[in-house]
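>>> Build me a model:
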Amino acid sequence: MSQRIDAHFVAAGKHHDIDFARLELLKLLAEHPEVRTTVAMDFSNLDRIVECRFLVTYTCDVMPSLEETAALRKFVEGGGRWLALHGTNSILRFTKDGVDCPDDRPDVMELLGTQFRAHPPIAPFLVEVCRNDDALTTGLSDFEVVDELYLSEVRAPIDILLQARFDGRTERFTKKDWPDAIAPILYRRRLGKGEIVYNTLGHCRGHFDLVELTPFYPHPERGAWDYPVYYELLRRGLRWAKAEVRSSGWVDK
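As a prediction, this is how the structure comes out:
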C-alpha cells in the first residue's frame, strides 16, 4: 500500500501564463493520488516546505529571500528533492540596452547550479540526449522543439542530461554574444543527501501575460507544452521527485 507523500508547488512570476503551467502540473501531480500538494506564489512557507518530500517550482523572476534560500539549501542537503522548471533561475531587469539578468543573487544561482542570461527568439532547436544511462532520459532520442532556448551560466557542478547548442547573438538581452554555446536543458545538481533536477523547457504565454508592453498579446505561445516528449520528461521528473528513481534506474515499489 502506498503511503502519503507531501509536496509543495510554487507557481508565480512575470511574462508567462502561470495559470496554464500551474494547471498542467497539478494535473500531472494528480496522477499520483498519494501525493498531497500545497500551492503557493512564493517561498515564504518554510514550515510547509520542510514537511515535504519534494518541491516543484515554475517561476519567472521570483527569488527567495536570503533566509528562504538558506532554508531551501538545508532542505535539499537533508534529502529533499527540488524539481525546478523553466524560469526558476531567472532575474529580469528591463533597460535601454535590453533585458539584463544581473548577478544579484549568487546564493540562489549557486544552489540551483545555473543562472539564466538570455534566449534567442523562439524558434525550433535540437535537444541532444547526453546521457542514455540515466533513468530520466533512458530510451529518449534527440528531438526538435519550438521553445525559448535558455542560455545560462553554470554556477556549480551539474550533470547535464539534455543539452542544446547555439552560436550567435541575442539582441534583446544585454549579454548578446554566445559563440559556440552549450545550453543545459535538463540536468541534475546533487547537494548532500538530496538533489535538484532542472528542466529549462516549458515556456508559455497567453493573451494577457505581457501587459507591461501590450494589453493584448496576439499570439499565445505554448512552447514545449505542445510536445508529448515534454510531458514525458515532466512525468519522469515527478517520479524522481517522489524518490522512485535514482540515476541508476527506477525503484520498484
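
>>> any idea whether the closest residue to D104 other than its chain neighbours is helix, strand or coil?
The shortest distance from D104 to any non-neighbouring residue, by CB to CB, 6 or more residues apart in numbering, is to I91 (5.8 Å). (C-beta placed from N, C-alpha, C; glycine too.) Under DSSP: H, G, I helix; E, B strand; the rest coil, I91 falls in the coil class.

>>> Verify the stated contact: I91 with V62.
No: contact criterion CB atoms under 8 Å: I91 and V62 do not qualify, at 9.4 Å.

>>> Next SSE downstream of the helix or strand that contains Y58?
Y58 belongs to strand 54-60 when elements are defined using DSSP states H and E. Counting by DSSP H and E, the next helix or strand C-terminal to strand 54-60 is helix 66-77.

>>> which residues touch that next one?
The contact list for helix 66-77 (CB atoms under 8 Å, 6 or more residues apart in numbering) reads 43-44, 46, 49-50, 55, 64, 82, 105, 107-108, 111, 191-196.

>>> now do stretch 164-174
Against stretch 164-174 from outside (CB under 8 Å, 6+ apart): 95, 97-101, 117-121, 125-128, 149, 151, 176-183, 185.

>>> Show me which parts of that stretch are buried, residue by residue.
Neighbour counts over stretch 164-174 (16 or more other CB atoms under 10 Å) mark 164, 166, 170, 173-174 as buried.

>>> Okay, buried residues for the lengthiest helix in the chain please.
The longest helix of the chain (DSSP state H) is helix 228-241. Across helix 228-241, burial judged by 16+ other CB under 10 Å covers 230, 233-234, 236-241.

>>> ditto for stretch 138-147
Residues of stretch 138-147 classed as buried by neighbour count (16+ other CB under 10 Å): 140, 145-147.

>>> Likewise for stretch 149-161?
149-152, 155, 158-161.
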